[in-house]
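[1] okay, structure incoming, though there's no sequence with it:
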């Protein structure tokens, strides 16, 4: 039978040594192998060697499973469908949605079209946004992008830069849907 190896981390070696010495002094005879394992693991803060082993094995199982604490959220397909209705066949925003959730997704769409790591003047970002919508209010969209934290602008409002963030799961789905509708049209 192969022997399992369980590494032990000791946060405070001095406290560990004091606890171990105190336990050994309380013994009448030399400790056996199993008693020594129990003494060591109790000094490290476990109830006994079996408790230490079960904690170590549980940690290995969780590591093997590669569990994520925050699993990736699934895209809300209904939200994507509703947002996609605000775009024409060429991928341009027809109208500004009334609901904030749909507005945010449309802003993420605009964000994805802004070049990364590029400084844009107010005129350049307005021109870019104007090519991406049909209702003629680039200033509204520019302000919304800034207010939502997707672009940074200088105090005087002359320079704009896209802020790199992780987009929501729905953005990829929206981009693919708009692209597919453009191919059909």
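    Alright, I've got the coordinates. These figures come from a predicted structure and were not determined experimentally.
[2] the closest residue to residue 169 other than its chain neighbours: neighbour count?
    Spatial nearest neighbour of residue 169, chain neighbours left out: residue 75 (4.1 Å); criterion: C-beta to C-beta, 6 or more residues apart in numbering. Any C-beta I mention is one placed from the backbone N, CA and C, and that applies to glycine too. When neighbours are counted by other C-beta atoms under 10 Å, residue 75 registers 15.
[3] against residue 171, how distant is residue 75?
    8 Å (C-beta to C-beta, to the nearest Å).
[4] next one: the worst-scoring helix or strand of the chain on mean pLDDT to chain centre, how far?
    Every helix and strand in the chain was compared by mean pLDDT, DSSP states H and E; the lowest is helix 49-65, with a mean of 78. Distance of helix 49-65 from its chain centroid, counting by C-alpha atoms, centre = their mean, to the nearest Å, is 26 Å.
[5] contacting residues around that helix?
    4, 6, 7, 8, 34, 37, 38, 40, 41, 44, 46 (C-beta atoms under 8 Å, 6 or more residues apart in numbering).
[6] just the buried residues of these.
    For these, a neighbour count by 16 or more other C-beta atoms under 10 Å gives the buried set as 37, 38, 40, 41, 44, 46.
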